[in-house]
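> Make a model of this:
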Amino acid sequence: MALETWLIKVKTAISNSLDSVRGTAAPPTKLIKKSKVGVLAFEIAGLMSKLLHLWQSLSDKNIIRLRNEALSFEGVRKIVSNDETLLLGLACAEIVENLRLIAKSVSTISKKCEDSSLRSFDRLFIDFANTGRDPHNWVLSWKEIEIKNKKIDKLITATTTLYREMEELSILENSLRKQLQCKDKEHEVSIKQQKIIDLQQKILWQRQEVKYLKERSIWNRSFDTASSLLARSIFTVLARIKLVFGIGNGYPTSLPRSLSASATVYPSENPTACNFVSGPLMKSCKNQENKDSTYGFFESNSKILKPPSSTLGAAALALHYANLIIVMEKMIRSPHMVGVDARDDLYSMLPSSIRSMLRARLKGVGFSASDSVLAGEWREALGKILGWLSPLAHNMIKWQSERSFEHQNLMPKTNVLLLQTLFFASKEKTEAAITELLVGLNYIWRFDREMNAKALFEGTNFNGFLNLQTSS
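As a prediction, this is how the structure comes out:
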């Protein structure tokens with residue numbers, strides 16, 4: 001007790017002495033309190049998640065998988081392209097475009113920063129992409145980015161937990177509000193009071209939890225802190241992209257030459273030779289550099305992602321055909337479950353070009369489908385077509401769903417690229433494959449119906465024969 005009294009006296013004496021100094025000294029410079037990101041923490045956490053996912057997709061393991069598996073996939077080779085340079089150019093351009101969209105959102109957030117360099121993030125990032133200049137040394141070394149990513153991952157986890165706990169707090173507060181507004185009978189008053197006390201206690205604990213998580217998450221970080229983390233990550237990811245795909249002259253000094261350097265994407269006996277260009281339209285690195293200087297790095301990559309007129313993407317049919325293929329896949333697996341209405345619905349989904357091809361293929365085909373050998377051959381043929389076509393259709397649905405409005409702030413769950421979907425697929429080749437599926441489906445569907453009808457007819461005749469024998 002005596003110690004507490006002494007501490008109070010000391011605190012009062014210090015306070016008085018400071019007051020006397022303030023009275024005689026010049027007014028101090030006003031400290032600028034950096035504003036906190038607050039509710040924008042959830043949007044920032046989404047951007048950080050996407051950056052982490054993008055960084056992981058550029059790992060040695062994933063780049064090797066891209067080259068050895070994704071680019072050599074049968075469906076891609078059959079209806080997209082078998083030109084590896086073209087496919088790598090598409091992969092690179094899409095990854096760059098994903099990073100550009102993240103950077104665009106970060107640019108909006110960075111405008112709220114106190115640091116002038118962070119406020120100029122947009123200009124600095126474009127300059128870095130075009131020229132490689134990094135005046136603030138935002139490109140991190142491999143060790144630094146790994147440490148930074150662990151910190152970012154913890155912030156994302158805490159912010160995600162905060163979101164859930166704030167939702168829980170809102171539910172509890174709404175429950176309390178309803179209890180207070182509810183009019184109960186006299187004998188239920190004591191029960192209601194106990195419920196209110198319990199809710200109030202839960203709300204108190206929940207508010208403490210929310211307060212604790214706000215301190216640990218992005219919520220209480222300043223715009224400068226959050227933007228600095230994002231800016232450094234974005235610069236480093238772009239440097240990694242250029243390293244992996246061998247874009248530009250030389251490699252960034254802050255990143256090591258790992259297994260996924262350009263030699264992994266495009267192995268060569270001469271490691272200094274420029275074997276890969278960032279876009280499929282160019283024939284050499286010199287031409288690509290001229291193109292970049294004319295259009296800018298991001299503009300030239302955006303042009304690569306524009307689908308040629310002969311593709312499903314240009315015709316805006318990629319998603320529709322993906323759904324069509326998935327419907328046919330289900331029907332081919334269980335043709336006996338397909339009714340006449342479902343068959344008519346499938347036909348209504350067909351565009352005029354496929355209807356014309358289908359009519360031409362079915363012209364002259366008889367109405368009978370009783371050849372079991374032919375039905376078996378069709379099943380085998382349909383299985384092979386679906387084996388390479390169906391994955392592209394499913395990838396198209398995944399790619400589209402991950403970029404829908406409802407999922408814009410969520411981290412992608414796959415590494416599906418556009419080149420692995422129907423977007424760049426040849427319209428002519430895809431329609432030919434779909435027509436083949438329809439012709440085969442038509443045969444095995446009629447075969448199953450005829451076999452079922454035959455079995456039913458024979459069963460009816462056998463029962464009639466038994467009844468005749470019994471009556472005689």
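
> Under the pLDDT cut-off, which ranges of the stretch 51-200 of the chain? List them.
Counting by pLDDT under 70, the stretch 51-200 of the chain contains low-confidence residues at 183-189.

> How about the secondary structure of the residue lying closest to Lys36 once chain neighbours are set aside?
Distance criterion CB to CB, 6 or more residues apart in numbering; nearest residue to Lys36, sequence neighbours excluded, is Asn220 at 5.4 Å. In short, each C-beta sits where N, CA and C put it, glycine included. Put simply, Asn220 is coil when judged by DSSP: H, G, I helix; E, B strand; the rest coil.

> Quick check: Asn220 touching Tyr212?
No: taking contacts as CB atoms under 8 Å, Asn220 lies outside contact range of Tyr212: 10.6 Å.

> got the buried residues for stretch 386-406?
Buried residues in stretch 386-406, counted by 16 or more other CB atoms under 10 Å: 386, 388-400.

> for stretch 128-142, that is, sorry about that
The neighbour-count check on stretch 128-142 (16+ other CB under 10 Å) flags 128-130, 132, 134, 136, 138-140 as buried.

> Ok, stretch 339-356 next?
Within stretch 339-356, judged by 16+ other CB under 10 Å, the buried ones are 346, 350, 354.

> Report the mean per-residue pLDDT for that stretch.
On average, the pLDDT along stretch 339-356 is 89.

> Low-confidence regions, the stretch 251-400 of the chain specifically.
Judged by pLDDT under 70, the stretch 251-400 of the chain has its weakly predicted residues at 251-295, 364-370.

> switch to 90 and redo it
Low-confidence segments of the stretch 251-400 of the chain, defined by pLDDT under 90, span residues 251-296, 300-302, 333-346, 359-376, 378.

> What segments of the stretch 151-300 of the chain are helices?
When secondary structure is read from DSSP state H, counting those that start in this stretch, the stretch 151-300 of the chain shows helices at 189-216, 223-245, 262-265, 285-295, 297-304.

> The stretch 301-450 of the chain too?
Assignment of helices within the stretch 301-450 of the chain using DSSP H, counting those that start in this stretch yields the ranges 318-333, 340-348, 352-362, 372-402, 427-471.

> neighbouring contacts of stretch 379-396?
Contacts to stretch 379-396, defined as CB atoms under 8 Å, 6 or more residues apart in numbering, come from residues 73-76, 78-80, 318-319, 321-323, 325-326, 329, 332, 416, 420-423, 425, 430, 433, 436-437, 440-441, 444.

> buried subset of the residues you listed?
Among the contacts of stretch 379-396, those buried by neighbour count (16+ other CB under 10 Å) are 73, 75-76, 78-80, 318-319, 321-322, 325-326, 329, 332, 416, 420-423, 425, 430, 433, 436-437, 440-441, 444.

> Not counting residues beside it along the chain, what's closest to Tyr163?
On the basis of CB to CB, 6+ apart, the spatially nearest residue to Tyr163 that is not a chain neighbour turns out to be Phe42, at 5.8 Å.

> What's the separation between that neighbour and Lys104?
The span separating Phe42 from Lys104 equals 18 Å under the rule CB to CB, to the nearest Å.

> quick one on the thing from earlier: would you list the helices of the stretch 301-450 of the chain in a markdown table and tack on distance to Ser233?
Rendered in a markdown table, the data for the helices of the stretch 301-450 of the chain read as follows (distance: least, CB to CB, whole Å):
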| stretch | distance to Ser233 |
| --- | --- |
| helix 318-333 | 31 |
| helix 340-348 | 47 |
| helix 352-362 | 46 |
| helix 372-402 | 20 |
| helix 427-471 | 38 |
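
> Figure out which of those helices is closest to Arg65.
Taking CB to CB as the criterion, Arg65 comes closest to helix 372-402 out of the helices of the stretch 301-450 of the chain, the separation being 14.6 Å.

> and Arg451, how many residues sit next to it?
In this structure residue 451 is Met, not Arg. When neighbours are defined as other CB atoms under 10 Å, Met451 has 15 of them.

> Please apply the same query to Pro308.
By the criterion of other CB under 10 Å, Pro308 has 10 neighbours.

> picking that back up, looking at the helices of the stretch 301-450 of the chain, which is nearest to Asp60?
Comparing these by their distance to Asp60 (CB to CB), the top pick is helix 372-402, with 23.1 Å.
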